[in-house]
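Participant: Quick one, what's the 3D model for this:
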Amino acid sequence: MSNKADTEVSHEHATTRLRGRMAWRHLAVPMLLGALIGATAMATAQPALEPLGIAMEGWPYPFPVRFHEFALEGETVRQAYMDLAPTGPANGRTALLLHGRNFPASYWEGVMRKLAAAGYRVIATDQIGFGRSSKPDVHFTFDMYARNTAALLDALNIGEVDVVGHSLGGMLAVRFTRTYPKRVRKLVLEAPVGLEDYRQTVPAVTDQFLYDREYALSAAAYRSFLRDTYSLSLPAEAVEPFVVLRERLKLSGEYPRWVRSFVQTYQMIHDQPVMHEYPLVRTPTLFIMGANDHNAPGKPYTTPELGAGMGFNADNARHIAGTMPNAKVVVFEGVGHMPHMERPAEFGDAMLAFLTRD
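Facilitator: All right, here's what the predicted structure looks like:
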């Protein structure tokens, strides 16, 4: 009896285990599929962006960032800069790089390396209101930026410099050269804005109007602005970091203050033209332009009729150079508003050929 009973119990247990295994298989297959689908979704999903403070402390710069601290309209501010020593045989010269409105000084990396290899000491600074520099609530002017830049050079015991200015930095470079002509040996203007007087074609707009537009600008709209307004020939992956930078700044609690600074720089471009000063610049000057660059700040705010005549930048550069005592123009075909990133080798060669020619 016991053997038979034991056999029946064992058979029942085996049957129960078999049914359990079959039931688990029915459950396990969908669970496994669900896990795989979930893992795939996690692998393909974009990671959430981390907030970035408006001083951009966590944003990568190619070289160590230092600060020049000073008083500005009653506020203590800090101006960020990179100071790169020559990596090739030193030539005893210093190059000063002045950035554009939509970019921090970090985007100069390739140009800095090229100049340092040619023997230059290289200073690339973030102007007040930009990059890692302070964002004070003060009135921005090109004269203020020129004074700040001269004070930075004084603090570094630098006298004469070769200046390279891009976009808005080109306008500042002209004002700096006009204000301190003995400090500038040669001047390179890369796709400068301000080759026309925007007051003649663009009506004045309020700070609030600009603030609302900037605050509402989406990532897609900013991406389109960089690629289309600047007519860039860069691949998408070269443009995207600038979009990510702006999106991360939006997550900062101080983003409204950043927008206020950014708005002021548009008003500075519009209200403080430098094009009338070009004939007074006696410093040897090279314009490096992109043939496709038709960027014209304020064009969306004017009439179609007036806007149609704006942004012929390569032609404007040629005309303006003709009014200057010592200027020439190089135009790169198929290039937009950022020659030093779109054609880095050609830009570097043209820049150095000009700077090193006695």
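
Participant: contacts and neighbour counts: CA atoms only from here.
Facilitator: Will do.

Participant: Just say helix, strand or coil for residue 286.
Facilitator: The local conformation at residue 286, judged by DSSP: H, G, I helix; E, B strand; the rest coil, is strand.

Participant: who does it bridge with?
Facilitator: Beta bridges link residue 286 to residue 188, residue 328 when assigned by DSSP bridges.

Participant: Please verify my assumption that it contacts residue 331.
Facilitator: No. Contact between residue 286 and residue 331 fails when scored by C-alpha atoms under 8 Å: they sit 10.6 Å apart.

Participant: If you count surrounding residues, which of these two has more?
Facilitator: residue 286 (23 against 18; other C-alpha atoms under 10 Å).

Participant: And the pLDDT at that one?
Facilitator: Looking at residue 286, its pLDDT reads 98.

Participant: Now residue 260: which helix or strand?
Facilitator: Assigning secondary structure by DSSP states H and E places residue 260 in helix 255-271.

Participant: burial count for the closest residue to residue 63 other than its chain neighbours?
Facilitator: In this structure, residue 63 finds its nearest non-sequential neighbour in residue 82, 6.3 Å apart by C-alpha to C-alpha, 6 or more residues apart in numbering. The number of residues packed around residue 82, counting by other C-alpha under 10 Å, is 21.

Participant: for the helix or strand hosting residue 82, which positions count as buried?
Facilitator: Assigning secondary structure by DSSP H and E places residue 82 in strand 75-84. For strand 75-84, a neighbour-count test (16 or more other C-alpha atoms under 10 Å) marks 77-84 as buried.

Participant: For it, enumerate the helices and strands it packs against.
Facilitator: Based on contacts counted as 3 or more C-alpha pairs under 8 Å, 6 or more residues apart in numbering; DSSP states H and E, the elements that strand 75-84 packs against are strand 65-72, strand 121-125.

Participant: What lies in contact with the shortest one?
Facilitator: With C-alpha atoms under 8 Å, 6 or more residues apart in numbering as the test, strand 121-125 has contacts from 79-86, 90, 92-99, 105, 108, 112, 115-116.

Participant: Filter the residues you listed down to just the buried residues.
Facilitator: Buried, going by 16+ other C-alpha under 10 Å: 79-86, 93-99, 105, 108, 112, 115-116, out of these.

Participant: and residue 134, what does it touch?
Facilitator: 55, 77-79, 128.

Participant: Now render those residues as TSV, adding distance to residue 227 and pLDDT.
Facilitator: Below are those laid out as TSV (distance: C-alpha to C-alpha, whole Å; pLDDT from 0 to 100):
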residue	distance to residue 227	pLDDT
55	25	97
77	33	98
78	32	98
79	29	98
128	26	98
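
Participant: Just list the residues touching residue 143, thanks.
Facilitator: 175-176.

Participant: Would you check how far apart it and residue 177 are?
Facilitator: To residue 177, residue 143 is 11 Å away according to C-alpha to C-alpha, to the nearest Å.

Participant: Quick check: residue 301 touching residue 201?
Facilitator: No. Counting by C-alpha under 8 Å, residue 301 sits too far from residue 201 to count as a contact (9.4 Å).

Participant: If you count surrounding residues, which of the two has more?
Facilitator: Set residue 301 next to residue 201 and count neighbours by other C-alpha under 10 Å: residue 201 wins out with 18 against 13.

Participant: so what's the more buried one closest to, chain neighbours aside?
Facilitator: residue 306 (5.8 Å).

Participant: Please enumerate residues in contact with the helix or strand where that neighbour lies?
Facilitator: If you go by DSSP H and E, residue 306 is part of helix 304-307. Identification of contacts with helix 304-307 by C-alpha under 8 Å, 6+ apart yields 201-202, 299-300.

Participant: closest to residue 324 among those?
Facilitator: Nearest to residue 324, judged by C-alpha to C-alpha, of the contacts of helix 304-307 is residue 201 at 24.0 Å.

Participant: Much appreciated, bye for now.
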